[in-house]
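Peer 1: predicted structure and sequence below. I'll ask about it afterward.
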Amino acid sequence: MLNIVKQDEVITFTGELNRDTVVNFWPFTLLKNVSGDIVFDLAAVAHVDTAGLAWLLQQLGQANKANIQVKLRNTPQQLKSLALVSDVFALLPLES
C-alpha cells in the first residue's frame, strides 16, 4: 500500500513505492497546482523497487518541465542504493 498526501509545500509518501502501488498514482496529479518549490518527504517509505524508482524519476521529470523545484527529504537508503546501481543517483535532488 502507498499513501501520498500533500500539505502546503510538502508531499509525504507512506508505505511501499513499488510496481504494485505506483500504478494507483498514474497519472500523478498532486503536482498540478504546485508552483515553485516542493519537498517529497520519503521518511515513511518502507520499501522501494526499481519500478518505484522509475516512477519517482518520472515525477521529477514532470516537475522539472513545469518549473517546479523538488527536493527529496529523508530519502531511504534502499532508494539511494537502487539509484546507485541503476546509475541514476545524480538525478535525485537530495535535500542537504
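Peer 2: Received, thanks.
Peer 1: pLDDT score for the residue sitting nearest the centre point of the chain?
Peer 2: The centroid of the chain falls nearest to residue 56 when counting by CA atoms, centre = their mean (4.1 Å). Here, the pLDDT recorded for residue 56 equals 97.
Peer 1: likewise residue 96?
Peer 2: Residue 96 is given a pLDDT of 74.
Peer 1: how many residues are close by it?
Peer 2: Neighbour count for residue 96, taken as other CB atoms under 10 Å: 3. In this view, the C-beta of every residue, glycine as well, is placed from N, C-alpha and C.
Peer 1: can you list the buried residues in the lengthiest strand in the chain?
Peer 2: The longest strand of the chain (DSSP state E) is strand 36-48. Of the residues in strand 36-48, 38-42, 45, 48 count as buried by neighbour count, 16 or more other CB atoms under 10 Å.
Peer 1: distance between that strand and the chain's centre?
Peer 2: 6 Å (CA atoms, centre = their mean, to the nearest Å).
Peer 1: which residues in the chain form strands?
Peer 2: 2-7, 10-17, 36-48, 68-73.
Peer 1: if you average pLDDT over the third one, what comes out?
Peer 2: Rounded to a whole number, the mean pLDDT of strand 36-48 is 96.
Peer 1: any idea how far residue 43 is from residue 64?
Peer 2: Look at residue 43 and residue 64: by CB to CB, to the nearest Å, they are 23 Å apart.
Peer 1: likewise residue 6?
Peer 2: With CB to CB as the criterion, residue 6 and residue 64 are 18 Å apart.
Peer 1: one more: residue 47?
Peer 2: For residue 47, the distance to residue 64 - CB to CB - is 26 Å.
Peer 1: re the thing from before, parallel or antiparallel, list what pairs with the longest strand of the chain.
Peer 2: The pairing partners recorded for strand 36-48 under DSSP bridges are strand 10-17 (parallel), strand 68-73 (parallel).
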